[in-house]
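Enquirer: Need the 3D shape of this:
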Amino acid sequence: MIHEEIFEVVDEDNNVIGTAKRSECHGNPALIHRTVHVIVFHPDGRMLLQKRSMNKDIQPGKWDTAVGGHLMPGEDFEIAARREMQEELGVPVNLPLKYLFDSKIRNKIESENTRVYSTTYEGPFDFPKDEIDDVKFWTVFELRNGLSEDFFTENLKVELEKLFVMGII
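Expert: Residues are numbered from 1 along each chain as shown. Down below sits the predicted model:
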């Protein structure tokens, strides 16, 4: 029997109001759940993106934030960020994390309250090939040009716009 992830369902202010299976949350925008993103910068300023596996249930094959994942029940955002950095990229969990902003992702498929952090790390990267097809550092020029293309996830496009406005990239 395959174990399905359980997410905490929260209200708009991140107060836990229940739990639901992953498959219930992905498909029902009324079930708000929490996620974390970590933007990974190379020391030279380029930004790492991951190419989502074609096996992913949401936006397969598109370039996305380097690290993104769901909080486990009882987990806080920073602990989840460190766990996801290790699980998705093999990045050391003791790297300094900088809080950037919170965002609310709302679309016809899901609703997520997301906390975004950044760190600096040049690699090496070790990622699960069944979840991630590739990772690559992108220049600011490449990121700006990619906004008008269809190979970035919609969530990444929103995140990039915010990073540009904040002057982070």
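Enquirer: Any idea how many residues pack against H3?
Expert: 5 (other C-beta atoms under 10 Å). Quick note: C-beta positions are derived from backbone N, CA and C, even for glycine.
Enquirer: My error: substitute N107 in the last question.
Expert: The local packing of N107 (other C-beta under 10 Å) involves 11 other residues.
Enquirer: and it, what does it touch?
Expert: Applying C-beta atoms under 8 Å, 6 or more residues apart in numbering, we find N107 in contact with P29, E154.
Enquirer: Secondary structure element holding N155?
Expert: Element membership of N155, judged by DSSP states H and E, is helix 154-166.
Enquirer: Touching that helix from outside, list them.
Expert: Counting contacts by C-beta under 8 Å, 6+ apart, the residues outside helix 154-166 that touch it are 37, 39, 49, 59, 62-65, 100-101, 103, 105, 107, 116, 143-144, 146-147, 152, 169.
Enquirer: Next, name the residue at the spatial heart of the protein.
Expert: Nearest to the centroid of the C-alpha atoms of the chain, with distances taken as C-alpha atoms, centre = their mean, sits G68, at 2.3 Å.
Enquirer: What residues are bridge-paired with it?
Expert: Using DSSP bridges, the beta-bridge partners of G68 come out as H37.
Enquirer: got a list of what it touches?
Expert: Taking C-beta under 8 Å, 6+ apart as the definition, contacts of G68 comprise T35, V36, H37, V38, E84, E88.
Enquirer: Just the pLDDT for the fifth one.
Expert: Spelled out, that is E84. Taken from the predicted model, the pLDDT recorded for E84 is 96.
Enquirer: which helices and strands sit right next to whichever helix or strand it is part of?
Expert: In this structure, E84 sits in helix 77-89 according to DSSP H and E. If you count contacts as 3 or more C-beta pairs under 8 Å, 6 or more residues apart in numbering; DSSP states H and E, helix 77-89 packs onto strand 32-41, strand 47-52, strand 67-70, strand 111-120.
Enquirer: Sounds good, over and out.
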